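Q: What would the 3D arrangement of this be:
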Amino acid sequence: MEAEHHTLLTPRGVTWLGLGVNVGLAGAKVAAGLLFGSQTILADGLHSASDMVSDVAVLAGLRVSAKPADGCHHYGHRRVSTLVAMIVGAMLLLAAGYILYEAIHSLRQFRPPTGSFGMPLVLALVSIPLKEALFRLTRRVGRREKDASLVANAWHHRSDAVTSVAASAGLGAAMIGGGDWALLDPLTAAVLSAFLAVTAVRILRKSASELVDSAPSDERLACIKRIVAQTPGVRGYHAFRARQVGGQVAMDVHIFVDPELTVCEGHEIAGAVKHGVLDSDCDVVEAVVHVEPYEPPGR
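A: Just a heads-up that it's a prediction; the model follows:
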């Protein structure tokens, strides 16, 4: 049981879980929409189907980003996860736009729904806790692994929960107060689509920031610089640079050491700096350390 739990909390494990849930929900909702004549649950099912696409994209990204450096990619493939996050963010923005468009269209041409509401309502209600649980689990793994694609995919799960909330509102109101009350469906969807759009823009902005080599946060930079400066044998440093790569940090720095040291001793100090930042909590995944002789000021 412990091994299964551990497997479930891996990036691939949680994404496969999401794909399995999405396949089941999409199939059940689309079937119920066609069988019971419910446009609401049919649209919700189609949105669940779109989540399957993002799951497949994340799985492909995880497979590629884990590959080591090769002749064509000297710095490895970590940026693939950032690219996938941007794709998923774009899909989430499109989903928010689609939900808003359908909500406005429904409000302008509102017609009380016909058909049975029972089974479609049950499916919509069941979907909410399932997709919210997937959101929280996927976001937890994404944050732990510092994987932007997983965090973006987590928000895609929540977007499905949002559409299910709107569907439940409309279907439940129609059952209680009659077809005219189903107007709550598009109204709820319109409000929640704005929330999804803001989240999608944040994901796209963060991913784009990584792709143009933006520096990490000031707190993370201070953490790295402190370790470099406090490493025994380091007299100072300069030419420090750092950039974000797949939710983590790649950096290089020039350190000053005693000019009387041998090449081997200087190399050992550089190694200590490198392992110090890699083993720290600063999220550094790659470090290049250059060694230079220290010259006192005014000399």
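
Q: where's residue 123, which helix or strand?
A: Per DSSP states H and E, residue 123 falls inside helix 118-145.

Q: Run the chain-centre distance for that helix.
A: Computed by C-alpha atoms, centre = their mean, to the nearest Å, the chain-centroid distance of helix 118-145 equals 15 Å.

Q: Start from the N-terminal end of the stretch 51-200 of the chain and give the helices.
A: Here the stretch 51-200 of the chain has its helices, by DSSP state H, counting those that start in this stretch, at 79-108, 118-145, 148-177, 184-211.

Q: residue ranges with poor pLDDT in the chain?
A: 1-8, 37-40, 110-117, 178-180, 182, 184-185, 188-189, 298-299 (pLDDT under 70).

Q: which residue is nearest the centroid of it?
A: Nearest to the geometric centre of the chain sits residue 151, at 2.0 Å (C-alpha atoms, centre = their mean).

Q: Which residues are in contact with the nearest residue to that one once chain neighbours are set aside?
A: Distance criterion C-beta to C-beta, 6 or more residues apart in numbering; nearest residue to residue 151, sequence neighbours excluded, is residue 142 at 3.9 Å. Placement of C-beta: from N, CA and C, glycine included. Counting by C-beta atoms under 8 Å, 6 or more residues apart in numbering, residue 142 touches 11, 148-154.

Q: Closest one of these to residue 221?
A: Of all the contacts of residue 142, residue 221 sits closest to residue 148, with 19.1 Å by C-beta to C-beta.

Q: Now the closest one: closest residue in space, sequence neighbours ignored.
A: Once flanking residues are discounted, residue 148 sits nearest to residue 85: 3.7 Å by C-beta to C-beta, 6+ apart.

Q: is it true that that neighbour touches residue 151?
A: Yes - using C-beta atoms under 8 Å, residue 85 is in contact with residue 151, at 7.1 Å.

Q: and for those two, which residues touch both?
A: Counting by C-beta under 8 Å, 6+ apart, the common neighbours of residue 85 and residue 151 are residue 203.

Q: Quick one: neighbours of the residue nearest to residue 164 when sequence neighbours are not counted, just the number.
A: Excluding the flanking residues, the one nearest residue 164 by C-beta to C-beta, 6+ apart is residue 127, at 4.0 Å. If you count neighbours by other C-beta atoms under 10 Å, residue 127 ends up with 28.

Q: and if you look at residue 14?
A: Look at residue 14: counted by other C-beta under 10 Å, it has 24 neighbours.

Q: what helix or strand is the closest residue to residue 257 other than its chain neighbours on?
A: Among residues not flanking residue 257 along the chain, residue 266 sits closest, at 4.9 Å (C-beta to C-beta, 6+ apart). For residue 266, the element it lies in under DSSP H and E is helix 263-278.
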